[in-house]
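Asker: Here's my sequence, what's the structure:
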Amino acid sequence: MGPDPELAFGEAESSRRLIIHAPNVHSGGGAVLLNAILRASAGSREVVLICDQRMKVDPEAQSFLITRRFAPTVFGRLAAEREIRNIATESDLVLSFGNLPPIYRLKAATALFLQNRYLVDAAMPLSGFRPGARIRLSAERVWLKRRLRNADRVIVQTQTMAALFEQRFGRKAEVAGFDSRQPESLLNDYAASKKLHDFTYISSGEPHKNHRTLIEAWSLLSEGGVTPSLSLTLSTSDNANLLALVEKTNSQKHTRIVNLGQLSASEVDSAYNNSGALIFPSLGESFGLPLVEAAERGMPILASELDYVRDLVVPAETFDPRSPRSIARAVCRFMKLPPDLNVSVTAGDFLKQVCEEKP
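Answerer: Numbers count the residues shown, from 1 in each chain. A predicted model of the protein is given here:
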């Protein structure tokens, strides 16, 4: 039996050592959030980070950490699992950050942070992934199901993910302390100022990100004489087919779509600053970090009319993400009436819930 999670994560235990187990996090939104949590924890307690050797830890947090790195291989992952089994004690708090619970039952109270919707939502097919990714995700689904008992608590980022998790696994998940309250006032006429790009889609190129439908929507807009500019952030090494489609659409339909490539954190910030609005046609997300990032910057958001979006923001316009025409019509509506929303999300709130609040 593990420790009593209500005691282990109670407010009286806030000075306990925190072990963050993140051996499969090194890029994307997971790395951004992990660094934010590390910065928020800096100096407040002893923190041990078990991570992928490719993870770039924010220098602001590095000096406060004890870091143990492991190779991004099967053997490296197993070594990381043995490491946390060996070092975790009853007096520690463990945050299992990489979507999967520990293989072993730990002496420490353990919270699982689950942010990959593919592991929870059986309705999301894996057929659009490359064979290697399909095998990995299938294996992780099995891992999650069989080892979920090793997590005292499960934390997700939205009510939608919590409902999916309960439906799939028959137990409740906590929703992290992200602030999704609407501000008292909205900024007006944001899009009136000229930007380098009218719209941006900050996203990788996985199938559920829905780039093909977005590109088809831009083709429809051009056919109607509307040619807003759109920037994408696709890795040039992993998205050859999508980039070929962009080039073909620009050539044949005279659209204005540019690919900025895979961006660093500072380059992402610049992409937001150079864009008039975020467009987000994803078919499903466990969280949707760009929605929050855009809202924090006061950017208007056009997004799928799906629960995961409204868990976080109130978009300026919404659309059916499976319909290019619906997306195109939302763009046209937005170009006439630009509202805005600001959302505040802090890593400190998340860390407080993990380490101090009772389940």
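Asker: C-alpha from now on. contacts and neighbour counts both.
Answerer: Will do.
Asker: and the nearest residue to residue 299 once chain neighbours are set aside, how many neighbours does it have?
Answerer: Setting aside the residues directly before and after it, residue 299 is nearest to residue 277 in space (CA to CA, 6 or more residues apart in numbering), at 5.5 Å. Look at residue 277: counted by other CA atoms under 10 Å, it has 28 neighbours.
Asker: go on, the one 3 residues further on?
Answerer: Residues within reach of residue 280, counting by other CA under 10 Å, total 28.
Asker: Mind listing the strands the helix or strand encompassing the residue nearest to residue 299 pairs with, and their directions?
Answerer: Element membership for residue 277, per DSSP states H and E: strand 275-280. Partners of strand 275-280 in the sheet, by DSSP bridges, are strand 197-201 (parallel), strand 301-304 (parallel).
Asker: residue contacts, residue 60?
Answerer: residue 39 (CA atoms under 8 Å, 6 or more residues apart in numbering).
Asker: I misspoke; the intended subject was residue 23.
Answerer: 50, 51, 52, 69, 70, 72, 77, 80, 98.
Asker: Scan those and report the most crowded one.
Answerer: In terms of neighbour count, residue 51 stands highest of the contacts of residue 23 at 26 neighbours, by other CA under 10 Å.
Asker: What segments of the protein are strands?
Answerer: 18-22, 47-52, 65-70, 93-96, 109-113, 153-156, 174-175, 197-201, 229-232, 256-259, 275-280, 301-304, 317-319 (DSSP state E).
Asker: hey, least reliable of those strands by pLDDT?
Answerer: If these are sorted by mean pLDDT, strand 174-175 sits at the bottom with a mean of 87.
Asker: And that strand, what does it pack against?
Answerer: Judged by 3 or more CA pairs under 8 Å, 6 or more residues apart in numbering; DSSP states H and E, the packing partners of strand 174-175 are strand 153-156, helix 159-169.
Asker: what domains does the record give for the protein?
Answerer: 5-179+347-355, 190-334 (automatic domain parsing).
Asker: rewinding a little: and residue 32, which of the strands of the chain is closest to it?
Answerer: With CA to CA, the closest approach to residue 32 among the strands of the chain belongs to strand 18-22: 12.6 Å.
Asker: Residues contacting the closest one, please?
Answerer: For strand 18-22, contacts defined as CA under 8 Å, 6+ apart pick out 45-52, 84, 88, 92-98.
Asker: Can you give me the buried ones in that strand?
Answerer: Using 16 or more other CA atoms under 10 Å as the test for burial, strand 18-22 gives 18, 19, 20, 21, 22.
Asker: same deal with stretch 63-83?
Answerer: Going by neighbour count (16+ other CA under 10 Å), the buried part of stretch 63-83 is 64, 65, 67, 69, 70, 71, 72, 76, 77, 80, 81.
Asker: okay, the residues you listed in TSV with distance to residue 254 next?
Answerer: As requested, the buried residues of stretch 63-83 are exported to TSV (distance: CA to CA, whole Å):
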residue	distance to residue 254
64	52
65	51
67	50
69	48
70	48
71	46
72	43
76	48
77	47
80	51
81	52
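Asker: closest to residue 131 among the residues you listed?
Answerer: The nearest one, if we look at those relative to residue 131 and count by CA to CA, is residue 72, at 18.2 Å.
Asker: Would you confirm that that closest one contacts residue 24?
Answerer: Yes: using CA atoms under 8 Å as the test, residue 72 is close enough to residue 24 to be in contact (7.1 Å).
Asker: any common contacting residues for these two?
Answerer: residue 52.
Asker: angle of the biggest helix by length in the chain against helix 159-169?
Answerer: The longest helix of the chain (DSSP state H) is helix 131-147. Here helix 131-147 points in a direction 70 degrees away from that of helix 159-169 (axes from the mean of the first three to the mean of the last three CA atoms, to 10 degrees).
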